[in-house]
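Asker: dropping a prediction and its sequence here:
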Amino acid sequence: MNGLSHGLLSARASGVLLHPTCLPGPHGSGDLGDGARRFVDFLSASLQKWWQMLPVGPPGYGESPYSAESAFGGNPLLVSLEGLASWGLLDLASLPPAEPLRADRVDYLPTAAHRTKYLRAAFEAFQTRTDHRAFDGFCGENAAWLDELALFRALKRAHGGVQWTHWEPSVRRREPAALAAARRDLADEVALEKFVQYAFDAQWNELRAYAARRGVGLIGDLPIFVAHDSADVWQHPEAFFLGEDGEPTVISGCPPDYFSATGQRWGNPLYRWRRMKKGGYAWWIARLRLALGRFDAVRLDHFIGFQRYWEIPAAEPTAVRGRWMKGPGTDFFDAVDRALQLIPLPLIAEDLGEATPAVYALRDRYALPGIRILQFAFGTDRSAASFLPYNYPKRAVVYTGTHDNDTVVGWFHDQGGADSTRTAAQAHEEREAALRYLGTTGEEIHWDMIRVALASVAELAVFPLQDILGLGSEARMNRPGQPVGNWTWRFGEEALTPAVAERLALLTRTYGRADA
């Protein structure tokens with residue numbers, strides 16, 4: 001837990017949800033450099049003890065952090081170029097961007113091209129150095145996943161970016177002779193990828209240490225499923241339900257719900273849990289060990305899937321024709337407990353959706369906090385009452401909203417209809433219910449929601465930065481079911497004013513979430 005005095009999730013505290021790509025900076029996306037440190041300073045000044053992020057792996061399809069090319073590696077876009085310059089590996093002035101990069105959005109293609117150019121230049125400079133002991137140590141300690149991720153990304157680049165099932169059969173099937181030839185032919189590209197991961201890891205550790213000195217812990221996000229087009233599935237095809245061609249036979253998703261009348265067809269391949277059990281869940285334990293070495297606590301996305309999961313035949317166009325299947329349950333978490341020996345496990349159970357008493361029993365058996373979404377509290381569906389603050393248990397994390405929700409301001413002013421998850425009548429009823437509950441006119445609805453979350457008995461309260469800044473739907477991070485146009489929002493340098501920090505600090509202290 002990195003020695004943080006507030007490390008246990010049972011301490012009354014609050015924090016902010018922000019993905020690092022959303023940070024300001026000159027290179028097209030936020031990263032682990034000065035912008036991240038300034039954000040940590042803002043958190044400290046506003047008495048926030050946690051910085052929660054989305055998954056930080058290399059994004060895949062749709063640029064989604066929940067569809068990463070690796071469950072272990074870091075996102076190359078997060079490597080600070082200024083940090084590499086401080087190592088003496090770059091002269092930033094000598095490599096101007098090929099085209100202007102946006103400050104208000106992450107435009108992934110030009111940003112990746114720009115940053116890759118710099119990473120290559122830094123790698124070339126690094127190769128001329130004689131002391132590679134730290135790099136060699138990193139590569140050795142992480143060889144189990146790093147070797148395959150580096151080869152996967154080098155092969156993917158060599159194949160024009162197509163998914164691994166479209167590579168030549170010998171490489172797709174991982175025949176030893178074909179892999180040996182690829183490692184030889186792509187040696188420089190493989191080494192580049194290892195260097196990028198080394199730089200990510202070193203900069204991450206520097207940022208985490210800086211945050212700890214400022215009294216801020218890091219909360220990560222671990223998706224239960226991994227992307228089909230990933231180093232993990234290519235490296236471990238035996239662990240997933242795949243056909244002879246490497247394509248999934250069944251895929252993940254969730255049944256029709258609040259977000260979609262046809263459910264959500266996520267498309268991830270499903271685990272062969274029985275086979276994983278025979279191997280002692282070794283891949284999963286290694287994944288969790290790395291995550292808990294990187295973060296002080298981790299949110300388990302789609303916790304329900306550990307108890308039961310929605311299986312969809314891969315040929316189905318929607319999630320409607322799926323079925324519930326039994327997850328690994330207590331057997332899995334007992335194995336994790338034995339392996340990690342962290343009591344209690346520093347995990348947050350994202351227990352939204354079609355949860356059953358068995359899901360809650362699994363969560364409570366390991367004393368994991370569940371989550372509450374304040375935006376869900378004012379509707380008329382049968383679960384709405386559980387999201388009202390007076391019904392919260394102490395062992396819970398309350399969010400005004402998450403990356404999948406509209407911002408509070410956008411949600412409040414949504415009029416319903418064809419472009420909404422609600423009818424016009426439902427939107428009106430929820431708005432009126434919120435105003436009655438909050439005792440407000442709604443002029444500063446975002447602060448009203450933050451205040452009631454802070455006042456609740458939930459041990460931890462977390463707010464997307466968009467809600468602290470009072471931004472509307474234009475700042476929404478993700479729209480579930482919409483395949484493009486997500487994950488791009490960024491905020492500007494001028495947004496985090498002392499006045500915002502002071503206001504958040506006052507509320508945090510008022511409701512007992514700051515150190516005495």
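Answerer: Noted; the coordinates are in hand. Keep in mind that what you see is a predicted model, and the values were worked out from it rather than measured. Residues are numbered from 1 along each chain as shown.
Asker: any idea which helix is longest in this protein?
Answerer: In the chain, taking DSSP state H as the definition, the longest helix is helix 187-213.
Asker: quick one: average pLDDT of it?
Answerer: For helix 187-213, mean pLDDT rounds to 98.
Asker: what helices and strands are in contact with the helix or strand just after that helix?
Answerer: Moving toward the C-terminus from helix 187-213, the next helix or strand (DSSP states H and E) is strand 217-222. For strand 217-222, the packing partners by 3 or more CB pairs under 8 Å, 6 or more residues apart in numbering; DSSP states H and E come out as strand 50-52, helix 187-213, helix 282-294, strand 297-300. All C-beta spots, glycine's among them, are computed from the backbone N, C-alpha and C.
Asker: who does strand 217-222 pair with, and is each partner parallel or antiparallel?
Answerer: In the sheet, strand 217-222 lines up against strand 50-52 (parallel), strand 297-300 (parallel) (DSSP bridges).
Asker: buried residues in the longest one, which are they?
Answerer: Of the residues in strand 297-300, those with enough neighbours to count as buried (16 or more other CB atoms under 10 Å) are 297, 298, 299, 300.
Asker: now the residues you listed as a markdown table including distance to residue 410 and pLDDT?
Answerer: Formatted as a markdown table, the buried residues of strand 297-300 follow (distance: CB to CB, whole Å; pLDDT from 0 to 100):
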| residue | distance to residue 410 | pLDDT |
| --- | --- | --- |
| 297 | 28 | 97 |
| 298 | 28 | 97 |
| 299 | 23 | 98 |
| 300 | 27 | 98 |
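Asker: mind giving me JSON lines with these and columns for distance to residue 359?
Answerer: Converted to JSON lines, these look like this (distance: CB to CB, whole Å):
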{"residue": "297", "distance to residue 359": "20"}
{"residue": "298", "distance to residue 359": "18"}
{"residue": "299", "distance to residue 359": "16"}
{"residue": "300", "distance to residue 359": "12"}
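Asker: and the residues you listed, which two are furthest apart?
Answerer: 297 and 300 (10.4 Å; CB to CB).
Asker: residues near residue 292, how many?
Answerer: Using other CB atoms under 10 Å, residue 292 is surrounded by 20 other residues.
Asker: with residue 163 instead?
Answerer: The burial count assigned to residue 163 is 19, neighbours taken as other CB under 10 Å.
Asker: SS state for residue 462?
Answerer: strand (DSSP: H, G, I helix; E, B strand; the rest coil).
Asker: test my guess that it contacts residue 9.
Answerer: No - the criterion here is CB atoms under 8 Å, and residue 462 misses it with residue 9 at 11.3 Å.
Asker: between those two, which contacts overlap?
Answerer: Among the neighbours of residue 462, those also in contact with residue 9 (CB atoms under 8 Å, 6 or more residues apart in numbering) are residue 397.
Asker: spatially nearest residue to residue 339 (excluding sequence neighbours)?
Answerer: Nearest residue to residue 339, sequence neighbours excluded (CB to CB, 6 or more residues apart in numbering): residue 285, at 4.6 Å.
Asker: ok, now which ones touch the closest residue to residue 489 other than its chain neighbours?
Answerer: Closest residue to residue 489 apart from its sequence neighbours, by CB to CB, 6+ apart: residue 475 at 5.2 Å. Counting by CB under 8 Å, 6+ apart, residue 475 makes contact with 407, 410, 466, 469, 489, 491.
Asker: out of those, which comes closest to residue 481?
Answerer: Ranked by distance to residue 481 (CB to CB), the contacts of residue 475 are led by residue 410 at 16.6 Å.
Asker: show me where the chain has strands.
Answerer: Secondary structure of the chain (DSSP state E): strands located at 13-17, 50-52, 217-222, 250-254, 264-269, 297-300, 308-313, 323-326, 347-349, 370-373, 396-399, 460-464.
Asker: any chance of those strands in CSV, plus distance to residue 117?
Answerer: Compiled in CSV, these are given as follows (distance: least, CB to CB, whole Å):
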stretch, distance to residue 117
strand 13-17, 31
strand 50-52, 29
strand 217-222, 29
strand 250-254, 36
strand 264-269, 32
strand 297-300, 33
strand 308-313, 40
strand 323-326, 45
strand 347-349, 38
strand 370-373, 40
strand 396-399, 38
strand 460-464, 32
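Asker: and those: which comes nearest residue 105?
Answerer: Comparing those by CB to CB, strand 460-464 comes nearest, at 16.7 Å.
Asker: which strands and helices lie in contact with that closest one?
Answerer: In terms of contacts (3+ CB pairs under 8 Å, 6+ apart), strand 460-464 is packed against strand 13-17, strand 50-52, strand 396-399, helix 445-455.
Asker: quick one: mean pLDDT for that strand?
Answerer: According to the model, strand 460-464 has a mean pLDDT of 98.
Asker: mind checking how far that strand is from the chain centre?
Answerer: Remark: strand 460-464 is offset 15 Å from the chain centroid, using CA atoms, centre = their mean, to the nearest Å.
Asker: what angle separates that strand from strand 217-222?
Answerer: With axes from the mean of the first three to the mean of the last three CA atoms, to 10 degrees defining the directions, strand 460-464 sits at 70 degrees from strand 217-222.
Asker: put the alpha carbons of strand 460-464 into CSV.
Answerer: Once non-C-alpha atoms are left out, strand 460-464 reads as follows in CSV (Å, rounded to 0.1, in the frame of the first residue of the first chain):
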residue,chain,number,x,y,z
LEU,A,460,-15.3,7.1,0.1
ALA,A,461,-16.8,9.8,-2.2
VAL,A,462,-15.5,10.3,-5.7
PHE,A,463,-16.3,12.9,-8.3
PRO,A,464,-15.4,13.2,-11.9
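Asker: strand 13-17 and that strand, what's the angle between them?
Answerer: Per the same axes, to 10 degrees, the angle that strand 460-464 makes with strand 13-17 is 20 degrees.
Asker: what residues of strand 460-464 count as buried?
Answerer: Quick answer for strand 460-464 (16+ other CB under 10 Å): 460, 461, 462, 463, 464.
Asker: how about the contacts made by the third one?
Answerer: For residue 462, the contacting residues are 14, 15, 16, 17, 50, 52, 219, 397, 398, 399, taking CB under 8 Å, 6+ apart as the criterion.
Asker: identify the bridge partners of it.
Answerer: Beta-bridge partners of residue 462, counted by DSSP bridges, are residue 15, residue 399.
Asker: mean confidence for stretch 15-29?
Answerer: 96.
Asker: quick one: end-to-end length of it, please.
Answerer: Using CA to CA, to the nearest Å, the gap from the first to the last residue of stretch 15-29 comes to 22 Å.
Asker: which neighbouring elements make contact with the worst-scoring helix or strand of the chain on mean pLDDT?
Answerer: The least trusted helix or strand in the chain, going by mean pLDDT, DSSP states H and E, turns out to be strand 264-269, with a mean of 92. Counting contacts by 3+ CB pairs under 8 Å, 6+ apart, strand 264-269 packs against strand 250-254.
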